[in-house]
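Novice: Based on what follows, work out the 3D shape:
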Amino acid sequence: MNRTYAGGGAVRRGVGTAAAGGANLPALRSHNTALVLDLLRTAGEPGISRLELAERTGLTPQAVSKITARLRTDGLVTEAGRRASTGGKPRTVLRLVPGAGHAVGLHLDRDELRAVLCDLTGAVVAGRRAALDLGAGARAVVEGAAQEVEALLSEGVAKRTGTPEDIAGAGPSVPVLGVGVALPGPLDHARGVLHRVTGFPEWDGFPLRDALVRRLGMPVVVDKDTNAAALGLALGGTVGGADASFAYLHLGTGLGAGLVVGGAVHRGARTGAGEFGHQVVQLDGPSCGCGDRGCIEALCLAAVARGDLAEAARVLGTGAANLAGLLDIDLVLLGGRTVAAHPDAFERGVGAVLGARARREGSATAVPVRIAPGEVRGVAEGAAQLLLAPLFGRAEG
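Specialist: Just a heads-up that it's a prediction; the model follows:
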């Protein structure tokens, strides 16, 4: 069941794979196991005792012992020493083994590809970046993306074991859960099929997930770039609490939104939520690549192109104010390459529009605006979470 990639390193792959040092994934399907794993993940290196796991999950100590014994057998959990107890003998502390499983996060932008290999905690083990032409045709894009994934996995093997010479022949392997792919929408997240990507109508109806599964031979999940980034932010622990509601606005080669409501990514009944850039804010305005006129994306990108960042931020802020009024969100996060190049201008400009809206409504406080953390690889890391989150009971939408 192993596949050998460039460099000679083998990569264990796929749901259901079980091998020494890897994850016996069918055993992770139970809700209770996911609860335990999530607490182990959030406990980090210091770990957590079985008694604490029982108290925080509501499970019996016997149930926790069975679950953690199985997780230790699967190589996902190990002992992390002992902790003093308030009475009786010291408690054994357990911690998650980050390297027991990995996920690839792949961000396909209109002109660039980013790929990251993340361990079970979401930490980046290896990363790659390459030019990409999304208009080059499905076959070329799929093959180019697959080659970058293979190269990334080989780099991951090298970093896991030492020098490249260490992985010659049937060398050590990296246990891989699969590949999460994030790219501009609209698309069908459930089936992994693209719709009419703005500016690239030839992708309409293409089964990207199935094409990559055939090429790579491992599970693949496909979602919009904004949803992936929002998922990564929701799980990263830096944005509010577990029930936070926020909008992530991504301005790069296009404009979209990832919506998190009550701690969960909101995709909508047809996975079409978050097409933020194509709300019309100027009737009979300039043409947009989607075929409509006066879309916020067209207006915002045109302002950026002529160097009018204040106008671009004002337009973006208008859309953000619309979202705040519709969803009553707690926070607006800004990201994407264009925002990352001018963070102060966009944070200040969008914040000014939201502040003016709050004053008109007589509100004491405006919805806060912040720059999203980890922007350089944020979408790719979020794409990896499309595979990792379900293991911890954090599957969204």
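Novice: Please make it C-alpha for all contacts and neighbour counts, starting now.
Specialist: Noted.
Novice: for the longest helix anywhere in the chain, the distance to its chain's centre please.
Specialist: When the chain is parsed with DSSP state H, its longest helix is helix 138-161. With C-alpha atoms, centre = their mean, to the nearest Å as the basis, helix 138-161 stands 18 Å off its chain's centre.
Novice: following the one helix or strand A312 maps to, which helix or strand comes up?
Specialist: Secondary structure assigned from DSSP states H and E places A312 in helix 309-327. With elements assigned by DSSP H and E, the helix or strand that comes after helix 309-327 is strand 331-335.
Novice: if we can go back for a sec, and the longest helix of the chain, what other elements does it pack with?
Specialist: strand 112-119, strand 124-131, strand 173-183, helix 208-216 (3 or more C-alpha pairs under 8 Å, 6 or more residues apart in numbering; DSSP states H and E).
Novice: Of those, flag the one that's most buried.
Specialist: Of the helices and strands packed on helix 138-161, the one with the most neighbours on average (mean count of other C-alpha atoms under 10 Å) is strand 173-183, at a mean of 27.
Novice: for that one, what is the average pLDDT?
Specialist: Per-residue pLDDT over strand 173-183 has a mean of 90.
Novice: Can you list the strands that it pairs with?
Specialist: Paired with strand 173-183 in the same sheet, following DSSP bridges, are strand 10-13 (parallel), strand 102-108 (parallel), strand 220-224 (parallel).
Novice: okay if I get those strands as JSON lines plus distance to D344?
Specialist: As requested, these are exported to JSON lines (distance: least, C-alpha to C-alpha, whole Å):
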{"stretch": "strand 10-13", "distance to D344": "43"}
{"stretch": "strand 102-108", "distance to D344": "25"}
{"stretch": "strand 220-224", "distance to D344": "26"}
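Novice: Surely A383 touches L108?
Specialist: No - here A383 lies out of contact with L108, judged by C-alpha atoms under 8 Å, at a distance of 10.3 Å.
Novice: And those two? Which one has more around it.
Specialist: Neighbours of A383 and L108, each counted by other C-alpha atoms under 10 Å, are more numerous for A383; the result is 35 against 25.
Novice: who touches the residue lying closest to D133 once chain neighbours are set aside in this structure?
Specialist: Nearest residue to D133 in three dimensions, chain neighbours excluded: D111, at 5.0 Å (C-alpha to C-alpha, 6 or more residues apart in numbering). Residues in contact with D111, defined by C-alpha atoms under 8 Å, 6 or more residues apart in numbering, are A131, L132, D133, L134.
Novice: The third one: neighbour count?
Specialist: Right, D133. D133 has 15 neighbouring residues, counting by other C-alpha under 10 Å.
Novice: Same question for A302.
Specialist: Around A302 there are 15 residues (other C-alpha under 10 Å).
Novice: where exactly do the strands run in the stretch 151-300 of the chain?
Specialist: Secondary structure of the stretch 151-300 of the chain (DSSP state E, counting those that start in this stretch): strands at 173-183, 187-188, 193-194, 220-224, 246-251, 255-261, 264-265.
Novice: quick one: common contacting residues for A383 and L108?
Specialist: V181, A182.
Novice: pLDDT wise, what is G272 at?
Specialist: Looking at G272, the pLDDT reads 78.
Novice: Quick check: chain neighbours aside, which residue is closest to it?
Specialist: Excluding the flanking residues, the one nearest G272 by C-alpha to C-alpha, 6+ apart is P186, at 6.4 Å.
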